[in-house]
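# Sharing a sequence plus its predicted fold:
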Amino acid sequence: MSAFTLTEFKKIVGLSYESEAADALDAAALDTTFTDLGYDSLTVYEFVTRIQDDYGVTVPDEDLDALDTPGALIAYVDGRITRART
């Protein structure tokens with residue numbers, strides 16, 4: 001399993017939301033809250049569900065509450081993938 005990066009997150013956003021929203025994500029958006037990016041909690045939950053399905057990682061609800069930016073979510077998922085490889 002490969003690393004989970006902004007590129008992979010953009011693919012998830014494009015599949016779950018819309019490609020224009022995915023195209024707008026860049027390194028500057030990593031530390032912007034999902035709310036400020038225009039994503040409500042249901043949309044973020046859809047992203048996480050797709051990540052769990054496509055990448056085989058689990059993001060418990062209690063952890064998801066603290067993952068309020070794309071950067072935090074990407075780092076969390078990448079860390080879970082890295083731990084699964086070792």
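Perfect, I can see it now.
# The helix-or-strand element of the chain with minimal mean pLDDT packs against which elements?
Ranked by mean pLDDT, DSSP states H and E, the weakest helix or strand in the chain is helix 19-24, scoring a mean of 82. If you count contacts as 3 or more C-beta pairs under 8 Å, 6 or more residues apart in numbering; DSSP states H and E, helix 19-24 packs onto helix 6-16. To be clear about C-beta, it is placed using only N, CA and C from the backbone, and glycine gets the same treatment.
# quick one: contacts of the least confident helix or strand of the chain?
10-11, 13-14, 38 (C-beta atoms under 8 Å, 6 or more residues apart in numbering).
# Just the buried residues out of those residues, in PyMOL syntax.
Per 16 or more other C-beta atoms under 10 Å, the buried members of the contacts of helix 19-24 correspond to this PyMOL selection:
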select buried, resi 10+13
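# Residue 85: which of the contacts of helix 19-24 is nearest?
For the contacts of helix 19-24, the residue nearest residue 85 by C-beta to C-beta is residue 11; the value is 20.2 Å.
# nearest spatial neighbour of the closest one, skipping sequence neighbours?
Once flanking residues are discounted, residue 11 sits nearest to residue 22: 7.2 Å by C-beta to C-beta, 6 or more residues apart in numbering.
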